[in-house]
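**Q** sequence and predicted structure are below.
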Amino acid sequence: MEWTLIDDVSVTTDVLVIGGGATGTGVARDLAMRGVDVVLVERDGLSGGTTGRSHGLLHSGARYAEADPEGAAACIAENRVLREIAGACLRDTGGYFVQLAGDDPDYFAAKRDACRGLGIEVDVRSGTAARETVPELSSDVERVMQIPDAVAYPSRLVAATAQSARDHGAAIHTDAPLTDLHSDTETAADGATDEAVTAATVGGRVDDRVEAEHVVNATGAWAGECAALAGIDLAMSPTRGVMVAVENEELDTVLNRCREPADGDIVVPHENQVVLGTTSVAVDDPDEYPQPGRAVERMIDECAAMVPVLDGREPARTYWGVRPLYDPGAAGEGARAISRDFFLLDHEARDDIDGFTSIVGGKLTTHRRMAEAVADHVCARLGVDVACRTADEPLPGHDDPAVLDELVREFDAGSPADRDVTGA
């Protein structure tokens, strides 16, 4: 898309999407495929925030099955969609939920039954049978549930999604930070006033004003800061998590500890490394927060209970991410009690400010579904009656890892989550 000069306005578009993670690029792709004119801006390279600092697990839904069946159902549905469209953005490893000696057998049974009730494929195996296929498992493993988890490479997934959006006419701009949002107020004959977000000032490579019919805030953990530029109070509840990668070429199955979610209960295999995760600690600022070294040691110690060969391994790389959690009820029950579901915030209904929508929460696995919900909402506002097609069209480069990694470099989408795979 080329810049269009209209009087003193440098850029005009139907929709401005702020944020270049999985959800933001997904929104741009969905809208562009429906024929909507879209501009996306990201302050850094694509996937530079939460998306590129995840553990890269493509959830089967099993992790949430007994506690959040609706969220689990969304995960398994999107898991199946992404397997159809994302190709080499994923790695089909399968997964185990692992019960160690001393872990609650009732919790295992409840998760198993919940998975089966939701149509999530489950195969229960003894510890002995599991070690025949995954010899690295501890002798303390009593039984496992095999479930359809997989690995997602966030950098490839975001870059391919952005390329699809661009192929359908969207303009994608990296190194283009939002610096301000602008609103107009109209007064009706009866004296009532309507306020609407109508434009944004964008710095960096764009360095201009962008006027839009609608603005989408897809900035994840930074959604509160973005909304504040429109005078909106949007209280996020971000939590930090550490991921630790160690060298290991043998393990080839996602492992989850079958217990209540806790620190150090996920092992995600890459090609020559495994990523161990993670913690969940509330933070006030998604850009500045403590990164204690003891958390790294804890990841290795906890995950070594499932895979003893990890004990004493030196980290090959360590990275931290911040989850974009939103807790409208302010439950105060701790970071792990906050829902991992997503929330679409219509600021016209919520704050009497039109032309502005925020999408918060959610998971990498459900990013396409989140984007579809946003696109449905925005299209309804714009009077666009075109159905979503993002679940049906494969992503560009899905069948060629070399093409995907070139897109990662082009969009500056390289991130610590999968750096060992993409080389970017």
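**A** It's in. Numbering: from 1, shown residues only.

**Q** domain ranges for this structure?
**A** Taking automatic domain parsing as the reference, the chain has its domains at 11-51+155-236+338-422, 93-150+239-323.

**Q** compare these and give me the one nearest Ala86.
**A** Closest to Ala86 of the domains of the chain, according to Cβ to Cβ: domain 11-51+155-236+338-422, at 5.7 Å. In this view, the C-beta of every residue, glycine as well, is placed from N, C-alpha and C.

**Q** on that earlier part again, rebuild the domains of the chain as TSV, extending it with distance to Pro69 and mean pLDDT.
**A** Conversion of the domains of the chain to TSV gives the following (distance: least, Cβ to Cβ, whole Å; pLDDT from 0 to 100):
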stretch	distance to Pro69	mean pLDDT
domain 11-51+155-236+338-422	11	95
domain 93-150+239-323	6	95
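
**Q** deepest-packed of these, please.
**A** Mean neighbour count, computed with mean count of other Cβ atoms under 10 Å, is highest for domain 11-51+155-236+338-422 among those, reaching a mean of 21.

**Q** list the contacts of the residue nearest to the spatial centre of the chain.
**A** Computing the C-alpha centroid of the chain and ranking residues by Cα atoms, centre = their mean puts Leu364 first, at 2.9 Å. Applying Cβ atoms under 8 Å, 6 or more residues apart in numbering to Leu364 gives the contacts Ala22, Thr51, Ser54, Gly56, Leu57, Leu58, Ala152, Pro154, Leu157.

**Q** what's the nearest residue to the first one if we skip its chain neighbours?
**A** Leaving aside its sequence neighbours, Ala22 sits nearest to His367 (Cβ to Cβ, 6 or more residues apart in numbering; 3.8 Å).

**Q** isn't the one you found right next to Thr23, touching?
**A** Yes. Using Cβ atoms under 8 Å, His367 is in contact with Thr23, at 4.9 Å.

**Q** anything in contact with each of those two?
**A** Contacts common to His367 and Thr23, judged by Cβ under 8 Å, 6+ apart, are Thr51.

**Q** hmm, back to that, where does the residue nearest to Ala22 sit, in terms of helix or strand?
**A** helix 367-382 (DSSP states H and E).

**Q** I'd like the domains of the chain written out as JSON lines, with distance to Ala77 added.
**A** As requested, those are exported to JSON lines (distance: least, Cβ to Cβ, whole Å):
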{"stretch": "domain 11-51+155-236+338-422", "distance to Ala77": "7"}
{"stretch": "domain 93-150+239-323", "distance to Ala77": "9"}
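
**Q** how about those domains, which one is nearest Arg83?
**A** Ranking the domains of the chain by proximity to Arg83 (Cβ to Cβ) places domain 93-150+239-323 first, at 7.4 Å.

**Q** start and end of that closest one, how far apart?
**A** Start-to-end span of domain 93-150+239-323 (Cα to Cα, to the nearest Å) is 24 Å.

**Q** over to stretch 288-298?
**A** End-to-end distance for stretch 288-298: 21 Å, by Cα to Cα.
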